[in-house]
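In: Below: sequence and its predicted model.
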Amino acid sequence: MGGRQTGSRERTFVTSATKLRGVASSSAAKPRGGVRVIERAAEILACFVETGESLALRDIANQTGIHKATTFRILSTLVEDGLLIQSTPGGTYELGFFALRCADAILGVDAVRQSALAVMTRLRDELNETVVLAQRRGMFVFNLDKTVSRHGIVETPTMGVLIPLHDTATGLAVLSTFDAQSLDEYFKAADPCPSPAQRRAINERLNQAKLKGAVLIDSDGGSAILAAPIRNSAGSAVAALSIAIPSGRAEAQFVQLCLGKLSKAAQQLVIGSPLCSPRKLPKKRRISRSRADRRHGP
């Protein structure tokens, strides 16, 4: 995985949401023991995540390849259950607020996010660059939250998509904390397994990251992607902070400044330590409404 290839991949992960559709479509194509109608519903919902726009029945059927009549029945159920909204009969569909409630439930109690948010905001204010928090899940990492820069050149990170550790800067930051045995076990279990040439390139990046305290990837267009691991109180990497510096701002001196501040902030942020214990959030009153209630409005 040379510099050019890695930079190209990084821009894909940071700037687009097409991975979501790929995940949904590839999952549907594989023989699984799941419920087919739920898989199709997931494909339909992925259309809205990718575009962020309202969609007509015809557009959804064309994008998913699901028969129009089947698409309509699934859409009707998704609207009835609040996952989608249709403003007028026969009109377009858009994501409902149930998705927002789910995101709020995840983010509101996440210990890593609660601990890192103040640090991310401080880095954003000092450097005026977007700071992204990624969390580890086994052999994968996914973007959990971000604080957005104010200079107007913003690369929108894709949220909630699992990416193999060796395929993204934040994942490489996590891998840089592995010992030789753990790293070898990871590569043996990785699917697809990196080639020997890719492993050599990855190992070179990891060695540099261990010296600098953070991963530095220069992409094709002159932009720079930095990532530093966040450890828990036991010393294991559980997350990473990253900054993507646009090409117009990626002067060498500024990149080194960002690298130092990012590495220092991540090292100070130890998840589970007394200084980083998340505040306890008040329990939210549970609101449950039946389908019949929803049909008749508030």
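Out: That came through fine.

In: would you list every one of the helices in the stretch 151-298 of the chain?
Out: With DSSP state H, counting those that start in this stretch, the ranges of helices along the stretch 151-298 of the chain come out as 169-175, 180-189, 196-212, 252-268, 291-295.

In: ok, now the stretch 1-150 of the chain?
Out: Using DSSP H, counting those that start in this stretch, helices in the stretch 1-150 of the chain cover 3-15, 18-29, 36-51, 57-64, 68-80, 98-108, 111-127.

In: tell me how far the third one is from the chain's mean position?
Out: When you say that, I think you mean helix 36-51. For helix 36-51, the separation from the chain centroid amounts to 18 Å (computed by Cα atoms, centre = their mean, to the nearest Å).

In: Name the residues of it that are buried.
Out: 39-50 (16 or more other Cβ atoms under 10 Å). Where you see a C-beta, it was placed from the backbone N, CA and C, and this is true even at glycine.

In: Over to the fifth one?
Out: With burial defined by 16+ other Cβ under 10 Å, the residues of helix 68-80 counted as buried are 71, 74-75, 78.

In: what about that helix, average pLDDT?
Out: In this model, helix 68-80 has an average pLDDT of 92.

In: can you pull the contacts of the closest residue to Gln63 other than its chain neighbours?
Out: Spatial nearest neighbour of Gln63, excluding adjacent residues (Cβ to Cβ, 6 or more residues apart in numbering): Cys47 at 5.1 Å. By Cβ atoms under 8 Å, 6 or more residues apart in numbering, the residues touching Cys47 are 21, 55, 59-60, 63-64.

In: How about the contacts made by Leu162?
Out: Leu162 sits in contact with 137, 140-142, where contact means Cβ under 8 Å, 6+ apart.

In: and which of those is nearest Phe98?
Out: Phe142 (20.6 Å; Cβ to Cβ).

In: want to throw the contacts of Cys47 into JSON lines with distance to Ile202 and pLDDT?
Out: Output for the contacts of Cys47, formatted as JSON lines (distance: Cβ to Cβ, whole Å; pLDDT from 0 to 100):
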{"residue": "Arg21", "distance to Ile202": "27", "pLDDT": "40"}
{"residue": "Leu55", "distance to Ile202": "39", "pLDDT": "91"}
{"residue": "Asp59", "distance to Ile202": "40", "pLDDT": "92"}
{"residue": "Ile60", "distance to Ile202": "39", "pLDDT": "93"}
{"residue": "Gln63", "distance to Ile202": "35", "pLDDT": "91"}
{"residue": "Thr64", "distance to Ile202": "35", "pLDDT": "92"}
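
In: out of these, who has the most neighbours?
Out: Ile60 (23 neighbours; other Cβ atoms under 10 Å).

In: still on that earlier bit, just the buried residues of helix 36-51 now: which is nearest Asp218?
Out: For those, the nearest to Asp218 is Glu50 (28.4 Å; Cβ to Cβ).

In: Now do Gln253: how many residues are near it, please.
Out: Gln253 has 7 nearby residues by other Cβ under 10 Å.

In: mind giving me the domain split of this structure?
Out: 34-102, 109-276 (automatic domain parsing).

In: What's the local residue count around Pro229?
Out: 27.

In: Gln86 bridge partners, please.
Out: Beta bridges link Gln86 to Tyr93 when assigned by DSSP bridges.

In: pretty sure it contacts Gly96?
Out: No: applying Cβ atoms under 8 Å, one finds Gln86 not in contact with Gly96, separated by 9.4 Å.

In: what touches both of the two?
Out: With Cβ under 8 Å, 6+ apart, Gln86 and Gly96 have common neighbours Val79.

In: what about the closest residue to Gly171 other than its chain neighbours, neighbour count?
Out: Nearest residue to Gly171 in three dimensions, chain neighbours excluded: Leu165, at 3.4 Å (Cβ to Cβ, 6+ apart). When counting by other Cβ under 10 Å, one arrives at 25 neighbours for Leu165.
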